[in-house]
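Student: fold the following.
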Amino acid sequence: MFSWLTSSSSSPATSSSDSQSEPATTSTPTSQPAASVPVSSRPFASIQAEEDARLRAELPTPAEVPGCLTLFDTYLTCYMLRPQLLSIYRYGEYSECSVKLEDFKWCMAQKGLDAEGRRDAWIQRRAEWWARRRTERSSEDVWNIRKEPLENFPPTGEIVLEETLAT
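Tutor: Residues are numbered from 1 along each chain as shown. Predicted coordinates for the structure are as follows:
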């Protein structure tokens, strides 16, 4: 719809996965990739294993895994005005809420498992999701990290005053 707003470096798959909000029980991955090896060049299995270990530490008991009602609420929240406007502002298109619906459907299909089995299945599912997200392109790919700060930044009062008077 607003193709002129989308970055040339982002793909629709990236924007839909970035716009997916996390349940309250998960957070941004805290494990840092090896400094010498870019995340995208590392094997998917090793990234997934890191995410699995992180999620197992983050969700130590089955009670910490989001329930189906929580996932359904997350799905319905996706269609509210604020998240949709935020997605249009950030990505130039509406939020893709089908991913959240798939999470809810998956949860309903796991009802036959015991609590520990649901926890293990949820951790495996989220570890795969985080590993895919870490290996795909991101909006952060367009920024270059500065090795040194800019010269004369922040500007001193004299430089700002001279530039203001010059215009």
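
Student: all helices for the chain, in order.
Tutor: Ranges of helices in the chain, per DSSP state H, are 12-18, 44-58, 68-78, 81-91, 98-109, 115-135, 157-166.

Student: now these in CSV, with distance to P149?
Tutor: Where you see a C-beta, it was placed from the backbone N, CA and C, and this is true even at glycine. Output for those, formatted as CSV (distance: least, C-beta to C-beta, whole Å):
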stretch, distance to P149
helix 12-18, 29
helix 44-58, 32
helix 68-78, 40
helix 81-91, 28
helix 98-109, 39
helix 115-135, 28
helix 157-166, 16
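
Student: including mean pLDDT, could those go into a markdown table?
Tutor: Compiled in a markdown table, those are given as follows (pLDDT from 0 to 100):
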| stretch | mean pLDDT |
| --- | --- |
| helix 12-18 | 40 |
| helix 44-58 | 92 |
| helix 68-78 | 96 |
| helix 81-91 | 92 |
| helix 98-109 | 96 |
| helix 115-135 | 93 |
| helix 157-166 | 66 |
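
Student: may I see the ones you listed arranged in a markdown table, with mean neighbour count and distance to E151 as well?
Tutor: A markdown table is the format used below for these (neighbours: other C-beta atoms under 10 Å; distance: least, C-beta to C-beta, whole Å):
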| stretch | mean neighbour count | distance to E151 |
| --- | --- | --- |
| helix 12-18 | 16 | 34 |
| helix 44-58 | 16 | 38 |
| helix 68-78 | 16 | 45 |
| helix 81-91 | 14 | 32 |
| helix 98-109 | 16 | 45 |
| helix 115-135 | 17 | 34 |
| helix 157-166 | 9 | 11 |
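
Student: list the contacts of Y79.
Tutor: S95, C97 (C-beta atoms under 8 Å, 6 or more residues apart in numbering).

Student: hang on, Q48 packs against A131?
Tutor: Yes. Look at Q48 against A131 with C-beta atoms under 8 Å: they come within range, at 4.1 Å.

Student: wait, which of the helices of the chain is closest to I145?
Tutor: Closest approach to I145 among the helices of the chain (C-beta to C-beta): helix 115-135, 17.2 Å.

Student: so S95 sits right up against Y89, yeah?
Tutor: No. Taking contacts as C-beta under 8 Å, S95 lies outside contact range of Y89: 11.2 Å.

Student: between those two, what contacts are shared?
Tutor: Counting by C-beta under 8 Å, 6+ apart, nothing touches both S95 and Y89.
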